[in-house]
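*Asks:* here is a sequence with its predicted model. Questions after.
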Amino acid sequence: MPPYIYVLLLHGVLGFLDIVVNHELLAKLPKRGDAAPEEALHAARETIFASLFACLAWYEWHGAWVWWIGALLLGEVIVSTRDVIVEGDTRILPTSERVVHLLMFISLGILITLVAYALVWWHGAPTAVVRVDYGWASWVLTAMAVLSFVWAVRDGVAAGRRRTIAAAS
């Protein structure tokens with residue numbers, strides 16, 4: 001199993017902890033009136049990771065397809081950069097959230113590096129989406145993809161509700 005799969009699994013676990021502990025239990029973001037922009041960014045990130053989990057769980061992306069994976073990773077960097085700014089402007093993050101975010105940024109850097117190595121190899125191959133099977137890890141990543149997508153919809157709906165309430169005020 002390639003090393004990026006392990007890091008992707010770790011990143012998914014860290015993201016889950018961040019969502020449950022920091023966003024839901026401590027900050028209660030879906031209920032905060034000022035959280036619409038942050039929730040929208042979280043929905044975007046969760047959609048990106050749902051795609052990455054699903055795409056990398058069962059496939060290698062050869063030839064021109066490497067640009068799809070590269071675009072997802074670039075999108076994540078852009079969303080994370082914007083999210084850091086929005087979070088800092090709207091609320092004071094607890095220590096637990098700052099620590100988890102630091103670990104997630106480290107994990108993301110490692111993930112991008114390891115996937116980039118794979119993309120270099122894949123780019124030289126003929127353009128194709130090649131099926132792979134990493135056993136249990138493919139199934140866990142598939143479950144993470146489904147959960148990330150469901151949570152993305154939930155956060156997107158929460159952001160929409162917050163915007164509607166703010167517009168009505």
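*Replies:* Perfect, I can see it now.
*Asks:* so how far is the helix or strand bottoming out on mean pLDDT in the chain from its chain's centroid?
*Replies:* None of the helices or strands of the chain scores lower by mean pLDDT, DSSP states H and E than helix 136-168, at a mean of 92. On the basis of Cα atoms, centre = their mean, to the nearest Å, helix 136-168 sits 11 Å off its chain's mean C-alpha point.
*Asks:* ditto for stretch 157-169
*Replies:* Taking Cα atoms, centre = their mean, the mean C-alpha location of stretch 157-169 is offset from the chain mean by 24 Å.
*Asks:* how about that stretch: buried residues?
*Replies:* 158, 159, 162 (16 or more other Cβ atoms under 10 Å). Every residue, glycine included, has its C-beta placed from N, CA and C.
*Asks:* ok, so of the residues you listed, who is nearest residue 72?
*Replies:* residue 159 (20.7 Å; Cβ to Cβ).
*Asks:* tell me the pLDDT of the residue at minimal distance from the centre of the chain.
*Replies:* The chain has residue 49 as the residue nearest its centroid, 3.6 Å off, counting by Cα atoms, centre = their mean. pLDDT for residue 49: 98.
*Asks:* helices of the protein, start to end?
*Replies:* Using DSSP state H, the helices of the chain run over 3-17, 36-58, 66-90, 95-123, 136-168.
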